[in-house]
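>>> A structural model of the following input is requested.
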Amino acid sequence: MLPSTRKDFVSLTLSESGSYSNSKQWRRQSCWRKWKQLSRLQRSLILLTLMLLLVCGIATSPTLIGHWRGMNGDDVKNSFVVDLKNEYRSILPEPPSERKDFDRRGAFGLEKLLQGKVNVSGVLGDQNHGLDLKNADKGSEGQKPIISWRGAVIEEEQASDTDTKDTENQGDPASLALAESRLEAVREAFRHAWKGYKDFAWGHDELKPISKSYGEWFGLGLTLIDALDTMWILGLQEEFAEAREWVAKELSFDKNVDVNLFESTIRILGGLLSTYHLTGDNLFLDKAKEIGFRLMPAFSTPSKIPYSDVNIGKGTAHPPRWTSDSTVAEVTSIQLEFRELSRLTGDPKYKLAVMEVMKQVHKLDGKQDGLVPMFINTNNGLFTHQGIYTLGARADSYYEYLLKQWIQGGRIEQELLEDYLQAVEGVKKNLLKKSTPLGLTFVGELSHGHFSPKMDHLVCFLPGTLALGVHYGLPADHMELAKQLIETCYQMYAQMETGLSPEIAHFNMHDGSTQDVDVKIADRHNLLRPETVESLFYLYRLTRDKKYQQWGWEILQNFNKYTRVPTGGYTSINNVRDPSYTSPRDKMESFFLGETLKYFYLLFSEDPTLISLDKYVFNTEAHPLPVWPQAE
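Numbers count the residues shown, from 1 in each chain. As a prediction, the model looks like this:
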């Protein structure tokens with residue numbers, strides 16, 4: 001044994017290098033023998049442990065995380081346009097190239113969200129809408145923070161108080177989780193409605209979800225056009241892409257068809273202009289120019305008060321067959337769209353035509369404390385059916401557009417503001433009453449001096465409009481009235497057995513009443529209207545009171561419970577008072593996608609820069625148009 005031992009010793013010390021090499025080889029062989037002696041289970045456990053350690057090391061490495069995010073930031077830039085045509089790729093705006101914080105969905109990293117370091121908008125809606133101004137990326141030292149929304153870059157000093165308030169509360173994990181779950185519920189509702197439209201009504205005006213068919217009004221794909229900007233805001237990339245392809249290939253206005261001037265303006269012209277502004281895609285501007293031009297014959301009347309109907313193929317216009325009157329709401333609620341069309345085209349004829357209408361209405365006799373009758377004659381330009389005043393059908397959006405035109409134009413058109421303020425005082429003086437037993441403040445109607453406690457669901461636009469005015473510096477008591485009225489609009493839902501509002505409510509004013517809201521049999525239908533959700537959005541955006549979100553969530557759940565059709569789509573119903581048989585009407589109005597779901601999404605979003613109220617004004621079909629700089 002001794003000779004053998006010496007031989008081993010000598011062999012190990014022949015040289016320094018040889019000693020090191022042989023030692024390494026021996027250790028490798030020894031380790032390999034020990035590894036082979038382990039059981040298969042033991043080897044598997046060791047390998048699993050090593051893999052976990054490796055993954056954890058990568059996940060906690062700032063360098064690797066930054067590289068990963070950078071790669072996915074590039075993915076985000078291309079994600080929205082990968083399936084579109086080459087020319088479309090060059091049109092769509094991209095997020096700023098310096099952004100490296102987005103994951104592949106356009107959302108921010110979870111660890112930053114939980115730390116409250118970024119705006120919630122990065123997660124809500126699969127979108128890269130905006131950054132918290134306090135923590136926005138600054139790039140090189142001294143560079144101003146920016147907000148990114150759909151590719152638009154806004155300097156910090158442009159952001160308003162509305163854009164930045166309450167951002168410190170947006171990093172709460174529980175709030176973020178709740179908001180995201182509600183936003184996803186809206187996206188899911190849209191996808192379900194879109195599925196029905198795509199399967200059974202593609203390219204047509206309206207879906208009939210019960211009979212799995214469609215209804216035609218103008219034959220211009222109303223639902224699809226109305227929903228374009230909703231899809232963009234919700235981040236529904238695939239749906240938007242297929243809708244854009246239809247607009248590019250199939251939408252034609254060269255048709256021998258009569259269209260309603262008001263409905264075509266707010267839905268088609270408004271929808272195309274809005275989508276152009278949000279996407280930067282000239283396809284939508286070109287289509288807007290064409291439909292705007294084709295609607296102009298409506299203004300060729302003796303009084304310059306437009307006819308209600310236009311044949312967009314023949315270039316002729318006419319009033320309804322039964323009257324020479326137009327409704328006041330229709331002729332005074334097309335201004336936002338035509339004014340914007342003039343601004344974009346440089347052609348003043350569109351703005352001049354619609355502002356002539358406003359000038360005439362401003363001077364007319366027949367108003368009562370700023371309140372207007374419902375009809376106006378296209379031959380002589382005078383009010384007809386005088387003595388009846390309502391904020392419901394045929395008059396409602398006149399009041400809305402007084403304020404919104406003033407906002408759109410940079411708040412310099414004083415006649416519009418004066419008419420709006422006078423009208424609000426007229427509402428207070430003539431139409432406001434309280435119900436029993438809860439004392440709800442409601443807006444009734446006046447007919448030749450007689451008050452009626454009748455309130456259309458359409459009137460529920462008013463709380464949001466009042467709140468918007470206060471945001472722009474109008475009297476603070478308007479906000480108090482807005483809060484009272486939105487409570488009433490919510491009760492129009494809450495006091496119904498289905499939790500859905502009727503089209504028209506009558507309010508009890510007699511002592512001993514047990515329920516504030518009464519509904520006549522003919523008024524019990526629900527058309528999936530947006531007005532209450534619209535006002536809830538404004539009230540939440542401007543007060544941050546969570547109860548408005550909760551009310552909206554209840555309403556959305558009831559829409560899902562009583563109006564959702566399993567095969568796709570949502571339907572209006574005939575009876576909100578009978579949960580066991582709501583009597584579906586087999587019709588999904590285009591405004592359900594264009595307005596109702598859009599306002600739900602904006603209501604549940606915690607991002608105040610998502611369609612900022614300082615930079616956009618919504619038309620009466622919920623299509624956002626830009627607020628002009630005062631110089632314009």
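>>> Residue 279 against residue 232, yeah?
Yes - using C-beta atoms under 8 Å as the test, residue 279 is close enough to residue 232 to be in contact (6.3 Å). Quick note: C-beta positions are derived from backbone N, CA and C, even for glycine.
>>> For the helix ranked longest in the chain, name the packing helices and strands.
Of all the segments assigned as helix in the chain under DSSP state H, the longest by residue count is helix 173-200. In terms of contacts (3 or more C-beta pairs under 8 Å, 6 or more residues apart in numbering; DSSP states H and E), helix 173-200 is packed against helix 110-114, strand 206-208, helix 222-234, helix 237-249, helix 546-562, helix 597-604.
>>> And the average pLDDT for the helix or strand following the longest one is what?
Same thing as helix 546-562. Downstream of helix 546-562, the next assigned helix or strand under DSSP states H and E is helix 590-591. Averaging the model's pLDDT scores along helix 590-591 yields 98.
>>> elements contacting helix 590-591?
Other helices and strands packing on helix 590-591, by 3+ C-beta pairs under 8 Å, 6+ apart, are helix 222-234.
>>> now the helix it packs on: mean pLDDT?
98.
>>> Can you check what angle separates that helix from helix 597-604?
Direction vectors for helix 222-234 and helix 597-604, defined by axes from the mean of the first three to the mean of the last three C-alpha atoms, to 10 degrees, enclose an angle of 20 degrees.
>>> so what's the closest residue to residue 429 other than its chain neighbours scoring on pLDDT?
In space, residue 429 comes closest to residue 369 once its chain neighbours are excluded; the distance is 5.5 Å by C-beta to C-beta, 6 or more residues apart in numbering. Looking at residue 369, its pLDDT reads 98.
>>> Kindly report the same for residue 536.
With respect to pLDDT, residue 536 scores 98.
>>> Tally up the residues packed near residue 546, please.
Counted with other C-beta atoms under 10 Å, the neighbours of residue 546 add up to 11.
>>> How about the contacts made by it?
Under the criterion of C-beta atoms under 8 Å, 6 or more residues apart in numbering, the contact list for residue 546 reads residue 540.
>>> try 10 Å
175, 178, 540 (C-beta atoms under 10 Å, 6 or more residues apart in numbering).
>>> Could you check how far it is from residue 536?
As judged by C-beta to C-beta, to the nearest Å, residue 546 and residue 536 stand 11 Å apart.
>>> angle of the longest helix of the chain against helix 597-604?
Angle, helix 173-200 to helix 597-604, by the same axes, to 10 degrees: 170 degrees.
>>> how far out from the middle of the chain is helix 173-200?
Between the mean C-alpha location of helix 173-200 and the chain-wide mean there is a distance of 12 Å, by C-alpha atoms, centre = their mean, to the nearest Å.
>>> mean confidence score for it?
On average, the pLDDT along helix 173-200 is 96.
>>> again, but for stretch 434-454
Here stretch 434-454 scores 97 as its mean pLDDT.
>>> Can you give me the buried ones in that stretch?
Within stretch 434-454, the residues scored as buried using 16 or more other C-beta atoms under 10 Å are 435, 436, 440, 441, 442, 443, 444, 445, 446, 453, 454.
>>> Repeat that for stretch 474-488.
Judged by neighbour count (16+ other C-beta under 10 Å), stretch 474-488 contains these buried residues: 474, 478, 479, 481, 482, 483, 484, 485, 486, 487, 488.
>>> low-confidence ranges in this structure?
For the chain, applying pLDDT under 70 flags the ranges 1-41, 55-171, 631-632.
>>> tell me the domain ranges of it?
74-168, 253-425 (automatic domain parsing).
>>> Quickly note the distance from residue 344 to residue 198.
Computed with C-beta to C-beta, the distance linking residue 344 and residue 198 is 30 Å.
>>> what does residue 254 give?
In this view, residue 254 and residue 198 are 25 Å apart by C-beta to C-beta.
>>> Give me the more crowded residue out of these two.
Neighbours per residue (other C-beta under 10 Å) separate residue 254 from residue 198, with residue 198 holding more: 18 against 9.
>>> my guess is the more buried one contacts residue 207, does it?
Yes - taking contacts as C-beta atoms under 10 Å, residue 198 lies within contact range of residue 207: 9.2 Å.
>>> which residues do the two both contact?
By the contact definition C-beta under 10 Å, 6+ apart, residue 198 and residue 207 are jointly contacted by 568, 569.
>>> can you give me the helices for the stretch 201-350 of the chain?
Using DSSP state H, counting those that start in this stretch, the helices assigned to the stretch 201-350 of the chain run over residues 222-234, 237-249, 261-263, 270-279, 282-295, 328-331, 335-345, 349-363.
>>> Using CSV, please lay out those helices together with mean neighbour count and distance to residue 54.
Rendered in CSV, the data for these read as follows (neighbours: other C-beta atoms under 10 Å; distance: least, C-beta to C-beta, whole Å):
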stretch, mean neighbour count, distance to residue 54
helix 222-234, 27, 39
helix 237-249, 18, 35
helix 261-263, 21, 62
helix 270-279, 26, 43
helix 282-295, 20, 49
helix 328-331, 25, 67
helix 335-345, 23, 56
helix 349-363, 18, 65
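>>> quick one: which of those helices is nearest residue 416?
Residue 416 lies closest to helix 349-363 among these, at 7.1 Å (C-beta to C-beta).
>>> Show me the strands in the stretch 301-450 of the chain, by range?
Listed in chain order, the strands found in the stretch 301-450 of the chain under DSSP state E, counting those that start in this stretch are 309-311, 316-318, 325-327, 375-377, 383-384, 388-389, 432-434, 441-443, 445-447, 450-452.
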